[in-house]
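Student: Next come a sequence and a model predicted from it.
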Amino acid sequence: MSIPTPHILAKEGEFAKTVLMPGDPLRAKFIAENYLDNTALVSQVRGMLAYTGTYKGKPVSVMGSGMGVPSMGIYSYELFNFYDVDNIVRIGSAGAISLDLDLGDIIMGIGACTDSNYCAVYGRAPGLYAPTASYGLMQKAMASAKELGLELIPGNILTSDVFYTDDNLEAAKAWQRLGILAVEMEAAALYTNAALAGKSGLCICTISDTLFTGKAMSAEARQTSFTQMMELALGIL
């Protein structure tokens with residue numbers, strides 16, 4: 001496939017080698033307007049805003065991924081394979097499964113268990129592929145967190161295809177017994193596409209709600225905590 005693609009209208013060379021991907025395209029707009037210099041809007045197909053600029057003199061792009069495995073699967077595949085992007089860092093929200101996590105904690109997905117069939121469809125391996133983050137990006141993320149004085153909690157996460165289920169807590173208890181930190185909806189697709197393309201992917205999330213206590217962030221708290229996560233991710237560059 002040539003570029004532009006059916007989903008991204010950027011021209012060749014308009015994406016930086018590293019792309020930060022929040023789920024919400026308006027959060028991508030927020031990052032571009034508040035953190036980047038020399039910013040240009042490079043794509044807005046289907047309202048999925050993408051910007052390229054510089055952060056402390058280093059080129060970076062930021063683009064919404066949308067919600068769920070299929071959406072992340074499309075955008076990350078095209079960025080890695082058609083736009084020659086080397087690194088994609090997902091920055092999103094997650095629901096805590098571990099009782100050790102609280103609202104506002106920032107986690108890093110070393111691996112992404114999943115109930116999605118995405119990995120099987122793309123991998124075609126004679127077994128169960130385990131989607132994992134790129135070690136180099138994890139090292140940089142930990143260094144960035146240390147420099148900012150933030151705690152970044154690494155561990156295994158769950159990428160789920162479903163948001164509403166009848167047995168949500170029962171399923172979460174099963175994952176909890178396996179040491180899963182939290183649930184989100186995109187990382188497994190990102191990690192699989194990165195592996196297949198020989199590129200690098202990482203998922204960093206802020207805990208916005210907790211499954212077993214029912215606590216949830218206010219809009220104001222989300223803005224403050226997500227800003228910390230954004231600055232941590234920008235420090236990876």
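Tutor: Yes, it's here.
Student: Might you report the residue contacts of residue 151?
Tutor: By C-beta atoms under 8 Å, 6 or more residues apart in numbering, residue 151 lies in contact with 105, 106, 145. Every C-beta, even on glycine, is put in place using the N, C-alpha and C of the backbone.
Student: What of residue 101?
Tutor: 107, 153, 181, 182, 207, 210 are the contacts of residue 101 under C-beta under 8 Å, 6+ apart.
Student: re earlier: okay, and which of the contacts of residue 151 map to strands?
Tutor: Taking DSSP state E as the definition of strands, the contacts of residue 151 contribute residue 106.
Student: before we move on, the earlier item: among the contacts of residue 101, which one is most surrounded by other residues?
Tutor: residue 182 (28 neighbours; other C-beta atoms under 10 Å).
Student: Do I have it right that that residue meets residue 99?
Tutor: No: using C-beta atoms under 8 Å, residue 182 is not in contact with residue 99, being 11.3 Å away.
Student: most centrally placed residue in this structure?
Tutor: residue 90 (1.8 Å; C-alpha atoms, centre = their mean).
Student: residues contacting residue 133?
Tutor: 108, 109, 110, 111, 112, 187, 191, 201, 202, 203.
Student: Among those residues, which one lies nearest to residue 3?
Tutor: Residue 3 lies nearest to residue 201 out of the contacts of residue 133, by C-beta to C-beta, at 20.3 Å.
Student: thinking again about what came up before, tell me which two in the contacts of residue 101 are the farthest apart.
Tutor: 153 and 210 (13.9 Å).
Student: one step back: how about JSON lines for the contacts of residue 101, with pLDDT added?
Tutor: Compiled in JSON lines, the contacts of residue 101 are given as follows (pLDDT from 0 to 100):
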{"residue": "107", "pLDDT": "98"}
{"residue": "153", "pLDDT": "98"}
{"residue": "181", "pLDDT": "98"}
{"residue": "182", "pLDDT": "98"}
{"residue": "207", "pLDDT": "97"}
{"residue": "210", "pLDDT": "95"}
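Student: And the closest residue to residue 132 other than its chain neighbours, its phi and psi?
Tutor: Nearest non-adjacent residue to residue 132, counting by C-beta to C-beta, 6 or more residues apart in numbering: residue 111, 4.7 Å away. Main-chain torsions, residue 111, degrees, to the nearest 10: phi -130, psi 160.
Student: which residues sit in contact with residue 111?
Tutor: Taking C-beta under 8 Å, 6+ apart, one finds 130, 131, 132, 133, 156, 157, 191 in contact with residue 111.
Student: Check residue 159 too.
Tutor: 69, 112-116, 131, 183-189.
Student: CA atoms only: put the lowest-mean-pLDDT helix or strand in the chain into CSV for me.
Tutor: Least confident element among the helices and strands of the chain, by mean pLDDT, DSSP states H and E: helix 118-123 (a mean of 80). Provided in CSV are the C-alpha atoms of helix 118-123 (Å, rounded to 0.1, in the frame of the first residue of the first chain):
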residue,chain,number,x,y,z
TYR,A,118,-5.9,-10.2,17.0
CYS,A,119,-2.5,-11.8,17.9
ALA,A,120,-3.6,-15.1,16.4
VAL,A,121,-4.8,-13.6,13.2
TYR,A,122,-1.6,-11.6,12.6
GLY,A,123,1.0,-13.8,14.1
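Student: contact partners of that helix?
Tutor: In contact with helix 118-123 (C-beta under 8 Å, 6+ apart) are residues 69, 70, 73, 128, 129, 131, 188, 189, 192, 193, 196.
Student: Strands of this structure, start to end?
Tutor: 18-21, 37-43, 50-55, 58-63, 87-96, 106-114, 152-159, 182-184, 200-210.
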